[in-house]
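# Sequence first, predicted coordinates after that:
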Amino acid sequence: MMSLEEREIYEEKVMEWIEDYFVLNEVEIEEYPFFLHGKLVRDKKENP
């Protein structure tokens, strides 16, 4: 089992990766509980 400190480190690394590869104001990020520190990243829906 991971310590709280380890979890925070991995969470930060996941968010850093997302920030490096996606334009944050163009995507929605949700928790994806099927994977440890999983994130679901998808395009924002624009209102017509």
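Received the coordinates, thanks.
# Residue 9 versus the residue nearest the centre of the chain, what's the distance?
In the chain, the C-alpha nearest the mean C-alpha coordinate belongs to residue 39, at 4.0 Å (C-alpha atoms, centre = their mean). Distance of residue 39 to residue 9, computed by C-beta to C-beta, to the nearest Å: 15 Å. No exception for glycine: its C-beta is placed from N, CA and C like everyone else's.
# Which parts of the chain are strands?
27-31, 39-43 (DSSP state E).
# Show me what the last one is packed up against.
Okay, so that is strand 39-43. If you count contacts as 3 or more C-beta pairs under 8 Å, 6 or more residues apart in numbering; DSSP states H and E, strand 39-43 packs onto helix 4-21, strand 27-31.
# Direction included, what does the last one pair against?
Looking at strand 27-31 with DSSP bridges, its paired strands and their directions are strand 39-43 (antiparallel).
# how about residue 24, what does it touch?
residue 18 (C-beta atoms under 8 Å, 6 or more residues apart in numbering).
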